[in-house]
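Peer 1: got a sequence here, can you model it:
(one chain, ligands or ions: 2)
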Amino acid sequence: MRDAVQETVRKGAILQVDGGRPLTGEVEVRGAKNFVPKAMVAALLADTPSELRNVPQIADVDIVSDMLRLHGASVDYDVEQGILRIDPAHVSSPTVEAMGKQAGQSRIPILFCGPLLHRLGTAMIPDLGGCEIGGRPIDYHLSMLRSFGAEVEKVTDGIRISAPRGLKGTRFTLEYPSVGATEQMLLSAVRAEGKTELRGAAIEPEIMDLINVLQKMGAIISVDTDRTIRIEGVEQLRGYVHRSLPDRIEAASWASAALATGGDIYVKGAIQPDMTTFLNVFRKVGGEFEVHHDGIRFYHPGGDLHSLALETNVHPGFMTDWQQPLVVALTQATGISIVHETVYEKRFGFTTALNKMGAQIQVYAECLGGLECRFWQDNHKHSAVILGPTPLSGAEITIPDLRGGFSHLIAALSASGTSTVCGVHIILRGYENFIGKLRGLGAQIRIIDNPAGA
Ligand SMILES: CC(=O)N[C@H]1[C@@H](OP(=O)(O)OP(=O)(O)OC[C@H]2O[C@@H](n3ccc(=O)[nH]c3=O)[C@H](O)[C@@H]2O)O[C@H](CO)[C@@H](O)[C@@H]1O
Ligand SMILES: C=C(OP(=O)(O)O)C(=O)O
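Peer 2: Ligands and ions are numbered 1, 2, ... in the order given. Next up is the predicted model:
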């Protein structure tokens, strides 16, 4: 077993957490949640099998494996080695009922459009899941697919999409650099007829790694410094062998956990380049880190933490998924911190539980501490003002979303007393063996309810 003993929590599981101890020790991060499932989808574009390495055991990998199997691909996952093999030789359409059952589980199914249109000419895509941190429309995806020549129709529990005449290269400009829509473009364009140009593309490291995978498969893709991606469509792609980049969101979550609990955590597998922006902020808040050949040590050096003003943004800005765990550490910083969330309009719901534990966080609809963002005219509370330091004490908490959930765990671990935490299965979407890892760092966590069959 990789870390401390793996114990899986099921839907409905409840944890009891005793706080007030620094988290110290070592954890390992494997491949990125925001890359691995997409590389799995890319395997469908090939005629031959693919092998993905450094694959973490998280719920999103299971969900995409199920989707691939439903479409006739074979998927074989060696959890211990982190090796996933996908053979797309016999791709076929599943029944509408089987696809309907996939509705609401993750955001990845929308990325099956391009590969399935190339393989089958038609696809049923279930309604998406993912974190409820904003409206999360898919209008860019659908306009893009239509501009490739696809026809889209709304059906019960999802959409039906078809391309009777195949996909043709296109020119598209994104009004906002959406990660998912950029990936949609890549996965659709690589086998489309002719050239495709995407302006205003997202350039997150996970997207660059997807481009690495597609290039290994035989695709021709260039990325310019002005966010323009150009793709020359090819008729055939082959399988790939690839090692996923590490999960920079999980790594930053452990860093924030070290800071919030006054601890010292060595994150094996974390790398510096994709975390530059996070590391700058971590240092400004008062955290220390050391970059080693196989990981990064994050620790609280003692003394006061410093408040700061921060704005989330697309890469290379401060990532929105880093925001929630860091806010817990900011409750322990001296002074007033301001966090302006510019990617999602509703990502501060998790602060209600932190306030219940003793934090002093107020949320506002105004764009505070930075430039006006897309949400300036809406009434969404997307800026937070955090007054610190405030001692936290244990409470009963229900986890709202993935990162908010991990933040609640960090808060419970830095609080005095005991917390009861519901909805913890949500965390499995993005954190491998999180209970085992936390216990390995000295956390006192008990599973007090874990309903079988849920
Ligand atoms: C599985 C995965 O990789 N999830 C990540 C991905 O989500 P995801 O790909 O869903 O995020 P996007 O970059 O697409 O979304 C960013 C913003 O664009 C908006 N938008 C997006 C698409 C669209 O068609 N219309 C539209 O308005 C969204 O509502 C949101 O406000 O990138 C986000 C931004 O780094 C991360 O927080 C998520 O962890
Ligand atoms: C928002 C996130 O994920 P998803 O897009 O899968 O909901 C996240 O990983 O923080």
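Peer 1: can you read off the pLDDT for Gly453?
Peer 2: We have a pLDDT of 61 for Gly453.
Peer 1: tell me where the chain has helices.
Peer 2: Under the criterion DSSP state H, the chain contains helices at 36-42, 59-70, 96-100, 113-120, 139-147, 179-189, 205-217, 248-261, 276-285, 320-330, 351-356, 402-414, 434-440.
Peer 1: quick one: neighbours of Glu206, just the number.
Peer 2: 24 (other Cβ atoms under 10 Å). Any C-beta I mention is one placed from the backbone N, CA and C, and that applies to glycine too.
Peer 1: residues touching the residue in the stretch 101-250 of the chain positioned nearest to ligand 2, list them.
Peer 2: Of all residues in the stretch 101-250 of the chain, Gly130 sits closest to ligand 2, at 3.0 Å by Cβ to the nearest ligand atom. Taking Cβ atoms under 8 Å, 6 or more residues apart in numbering, we find Gly130 in contact with Ser106, Arg107, Arg136.
Peer 1: re earlier: for the helices of the chain, give me CSV that also has distance to Leu310 and mean pLDDT.
Peer 2: Output for these, formatted as CSV (distance: least, Cβ to Cβ, whole Å; pLDDT from 0 to 100):
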stretch, distance to Leu310, mean pLDDT
helix 36-42, 28, 98
helix 59-70, 27, 95
helix 96-100, 40, 81
helix 113-120, 35, 97
helix 139-147, 26, 97
helix 179-189, 20, 98
helix 205-217, 20, 98
helix 248-261, 13, 98
helix 276-285, 6, 98
helix 320-330, 8, 98
helix 351-356, 14, 98
helix 402-414, 15, 97
helix 434-440, 25, 97
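Peer 1: quick check: Gln102 touching Pro109?
Peer 2: Yes: Gln102 is within contact range of Pro109, at 6.3 Å (criterion: Cβ atoms under 8 Å).
Peer 1: any residues in contact with both of those two?
Peer 2: Taking Cβ under 8 Å, 6+ apart as the criterion, Gln102 and Pro109 both touch Met67, Pro126.
Peer 1: sorry, back to before: by neighbour count, which of the contacts of Gly130 wins?
Peer 2: Going by other Cβ under 10 Å, Ser106 tops the contacts of Gly130 with 22 neighbours.
Peer 1: Met99: what's it in contact with?
Peer 2: Met99 touches Leu70, Met124, Ile125, Pro126, Asp157, Gly158, counting by Cβ under 8 Å, 6+ apart.
Peer 1: intersect those residues with the contacts of ligand 2.
Peer 2: Taking Cβ under 6 Å from any ligand atom as the test, ligand 2 is in contact with none of the contacts of Met99.
Peer 1: closest to Glu193 among the residues you listed?
Peer 2: Nearest to Glu193 among the contacts of Met99 is Ile125, at 22.1 Å by Cβ to Cβ.
Peer 1: the closest one against Ser162, yeah?
Peer 2: No: using Cβ under 8 Å, Ile125 makes no contact with Ser162, being 11.4 Å away.
Peer 1: just the contacts of Met99: which has the poorest pLDDT?
Peer 2: Checking pLDDT across the contacts of Met99, the minimum falls on Asp157 at 84.
Peer 1: report the contact partners of the closest residue to that residue other than its chain neighbours.
Peer 2: Counting by Cβ to Cβ, 6 or more residues apart in numbering, Asp157 lies nearest to Gly100, which is 4.1 Å off, once chain neighbours are set aside. Listed by Cβ under 8 Å, 6+ apart, the contact set of Gly100 reads Pro126, Thr156, Asp157, Gly158.
Peer 1: Arg10 contacts Asn450, doesn't it?
Peer 2: Yes: look at Arg10 against Asn450 with Cβ under 8 Å: they come within range, at 5.5 Å.
Peer 1: thinking again about what came up before, in TSV: the helices of the chain, plus distance to Thr342.
Peer 2: Compiled in TSV, the helices of the chain are given as follows (distance: least, Cβ to Cβ, whole Å):
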stretch	distance to Thr342
helix 36-42	23
helix 59-70	25
helix 96-100	34
helix 113-120	27
helix 139-147	17
helix 179-189	14
helix 205-217	19
helix 248-261	17
helix 276-285	14
helix 320-330	8
helix 351-356	17
helix 402-414	16
helix 434-440	28
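Peer 1: tabulate the ones you listed (TSV), appending distance to ligand 1.
Peer 2: Shown next, in TSV, are the helices of the chain (distance: least, Cβ to the nearest ligand atom, whole Å):
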stretch	distance to ligand 1
helix 36-42	7
helix 59-70	7
helix 96-100	19
helix 113-120	12
helix 139-147	3
helix 179-189	3
helix 205-217	6
helix 248-261	7
helix 276-285	12
helix 320-330	5
helix 351-356	17
helix 402-414	8
helix 434-440	17
